[in-house]
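>>> all I have is the shape, not the residue letters:
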């Protein structure tokens, strides 16, 4: 006798199903849609932030330019008299107002504290940029 193994009849193999089920496809579409909508919501936000950054850069540039001019202005010039002063070139680019206030003998005697402020769209708007400088009296 030969030693043959008993063979058990096997069920015929079915080929593996190819592709996705309807549920898998639906879940993938929902995940993609959520991601696409989130991305679409971020685009206007990024654009607004870029616009605000540009405005602040222009306002800072105007304030720095005014500070440089005031630091080279003689101590007794009317532009450095105590009080509030508006730039004669207002409005810059039709949207920025530059003004400064001068305080005498601040922070010490023989010095003037000058606060340069840039606002938009009118001189009563909240400050976009504020820079404080001190101009000392020089000479004897």
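Structure's in. What do you need? Worth saying up front: this structure is predicted, and the values here are computed from it rather than measured.

>>> CA only for contacts and neighbour counts going forward, please
Will do.

>>> the residue nearest to the spatial centre of the chain in helix, strand or coil?
The residue lying closest to the centre of the chain (C-alpha atoms, centre = their mean) is residue 53, at 4.1 Å. At residue 53 the chain is in helix, as set by DSSP: H, G, I helix; E, B strand; the rest coil.

>>> what sits against it?
By C-alpha atoms under 8 Å, 6 or more residues apart in numbering, residue 53 lies in contact with nothing.

>>> check it and give its pLDDT.
Note on residue 53: pLDDT of 90.

>>> state the distance from residue 97 to residue 133.
Distance of residue 97 to residue 133, given as C-alpha to C-alpha, to the nearest Å: 18 Å.

>>> these two: which has the busier surroundings?
Per other C-alpha atoms under 10 Å, whichever of residue 97 and residue 133 has more neighbours is residue 97, with 27 against 15.

>>> what mean pLDDT does the helix or strand hosting the more buried one have?
In the assignment (DSSP states H and E), residue 97 maps to strand 97-104. Across strand 97-104, the average pLDDT comes to 94.

>>> and it, how far from the chain's centre?
Mean-position distance between strand 97-104 and its chain equals 26 Å (C-alpha atoms, centre = their mean, to the nearest Å).

>>> then stretch 102-112?
34 Å.

>>> buried residues in that stretch?
Using 16 or more other C-alpha atoms under 10 Å as the test for burial, stretch 102-112 gives 102-105, 111-112.

>>> follow-up on the earlier one: relative to residue 127, how far out is the residue nearest to the centre of the chain?
Distance of residue 53 to residue 127, given as C-alpha to C-alpha: 15 Å.
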